[in-house]
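S.K.: Okay, here's the prediction I keep looking at, along with the sequence it came from:
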Amino acid sequence: TQLLEQSPQFLSIQEGENLTVYCNSSSVFSSLQWYRQEPGEGPVLLVTVVTGGEVKKLKRLTFQFGDARKDSSLHITAAQPGDTGLYLCAGGTSGTYKYIFGTGTRLKVLA
Amino acid sequence: GAGVSQSPSNKVTEKGKDVELRCDPISGHTALYWYRQSLGQGLEFLIYFQGNSAPDKSGLPSDRFSAERTGGSVSTLTIQRTQQEDSAVYLCASRHGQGISANVLTFGAGSRLTVL
């Protein structure tokens, strides 16, 4: 069974602080996606990484895919209240198109 | 439609009753997914469709759960003899399968099921 563990589970920080969220698995994935979900809505895709070691930046968010394609991290610089939400990683396996989601990290950024 | 539409948005039912949850995906999206989310946690995979076929239904928790997709479009998730542990938000997503957004899952807002 493929599992994606995220850490931390909860994070409450002050505006302007930096943070990193981790997504780990013992399985290899062909792609790794990060989504953000706000209350009462479905998750919305932030980024997809497909190459081991790949780094992508989206404004203040930096995403990295591990060299072995088993783990990923999301780093937020100078967090803002608008970054508040549930962050989910999702692993894709080539040939099946089945996407397994992580356990989630709930982020709250205080003004 | 412009987005993924799910209905009902909220459903309260009594233990033992059957419920049907509907998902209307984005027009032209070939793949459709059902996930379950409890208490704002991560998403639990239930089943996905490619066209009208379900290559992977391994996530369905028990034989009380079934899903179908007709005409390569609308999908229905049916839960028979509901139990309290079935209470959750059921999320549907669709995926185009081609082009630059081939692997982007677009989610609906979910159907919140409460079993009393």
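M.R.: Received the coordinates, thanks. Numbers count the residues shown, from 1 in each chain, chains lettered A, B, ... in the order given.
S.K.: so where's the chain shaky on pLDDT?
M.R.: Defaulting to chain A. A:1-2 (pLDDT under 70).
S.K.: think we crossed wires, I meant chain B
M.R.: B:1, B:100-101.
S.K.: Please identify which residue in it comes closest to chain A.
M.R.: residue B:107 (2.7 Å; C-beta to the nearest C-beta). No exception for glycine: its C-beta is placed from N, CA and C like everyone else's.
S.K.: and the spatially most central residue of chain B, what element?
M.R.: Centroid check for chain B by C-alpha atoms, centre = their mean gives residue B:34 as the closest residue, at 3.2 Å. Residue B:34 is located in strand B:31-37, with elements delineated by DSSP states H and E.
S.K.: Over to residue A:6?
M.R.: Assigned by DSSP H and E, residue A:6 falls in strand A:5-7.
S.K.: and that strand with chain B, contact?
M.R.: Yes: judged by C-beta under 8 Å from any C-beta of the partner chain, strand A:5-7 and chain B are in contact via residue A:6.
S.K.: that older thread, torsion angles phi and psi at the nearest residue to the residue nearest to the centre of chain B once chain neighbours are set aside?
M.R.: When the adjacent residues along the chain are set aside, residue B:34 lies closest to residue B:46, with 4.2 Å between them (C-beta to C-beta, 6 or more residues apart in numbering or on different chains). Reported as degrees, to the nearest 10, the phi and psi values for residue B:46 are phi -110, psi -60.
S.K.: Now for the one residue in chain A that gets nearest to chain B: which residues touch it?
M.R.: Residue of chain A nearest chain B, by C-beta to the nearest C-beta: residue A:42 (2.7 Å). Residues in contact with residue A:42 (C-beta atoms under 8 Å, 6 or more residues apart in numbering or on different chains) are B:4, B:91, B:93, B:106-110.
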